[in-house]
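>>> Model the structure of this input:
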Amino acid sequence: MSEGFVYILANERNGTLYTGVTSDLMRRVYEHKNDFVEGFTKKYGVHKLVYFERCDDCDTVLLREKQIKEWKRKWKLELIEKVNPFWKDLFDELINQG
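This next block holds a predicted model:
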């Protein structure tokens, strides 16, 4: 993976959060939304893309994911609300960007 994305999914505003990484954000979020991915997101209905950031290389994206996963919940909520204060599903914007 050369370029990658760190992303956060939620089931609702201030709800259950999931942090992950991928090289293809649209494909991966689509898989989560349609429950193609077994595990946490399917079990808890965590399908709403509320935050993502692009990283230039594999090492950076993995370090950033680890950093965010170690954060306190409050910090994650602040990160989301800084760029997405209304907790919109950003997947819709990705589709429209094409």
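
>>> Okay, now stretch 21-40: how far is its last residue from its first?
Across its full length, stretch 21-40 reaches 14 Å between end residues, using CA to CA, to the nearest Å.

>>> Just the element for the closest residue to residue 62 other than its chain neighbours, please.
Leaving out its chain neighbours, the residue that sits closest to residue 62 by CB to CB, 6 or more residues apart in numbering is residue 21, at 6.5 Å. For glycine as for every other residue, the C-beta is placed from the backbone atoms N, C-alpha and C. Element membership of residue 21, judged by DSSP states H and E, is strand 17-22.

>>> And the longest helix belonging to the chain, what's buried?
Among the segments of the chain that qualify as a helix by DSSP state H, the longest is helix 58-70. For helix 58-70, the buried set under the neighbour-count rule, 16 or more other CB atoms under 10 Å, comprises 61, 64, 65, 68.

>>> Now do the helix or strand of the chain with the lowest mean pLDDT: which elements does it pack against?
Among the helices and strands of the chain, helix 91-97 carries the lowest confidence by mean pLDDT, DSSP states H and E, at a mean of 85. Using 3 or more CB pairs under 8 Å, 6 or more residues apart in numbering; DSSP states H and E as the contact criterion, the elements in contact with helix 91-97 are helix 25-33, strand 48-55.

>>> Output those as CSV; include the columns mean pLDDT, mean neighbour count and distance to residue 5.
Written out in CSV, the entries for the helices and strands packed on helix 91-97 read as follows (pLDDT from 0 to 100; neighbours: other CB atoms under 10 Å; distance: least, CB to CB, whole Å):
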stretch, mean pLDDT, mean neighbour count, distance to residue 5
helix 25-33, 96, 18, 4
strand 48-55, 97, 20, 5
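
>>> would you turn those into a markdown table with distance to residue 16?
Listed next are these as a markdown table, based on distance: least, CB to CB, whole Å:
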| stretch | distance to residue 16 |
| --- | --- |
| helix 25-33 | 13 |
| strand 48-55 | 10 |
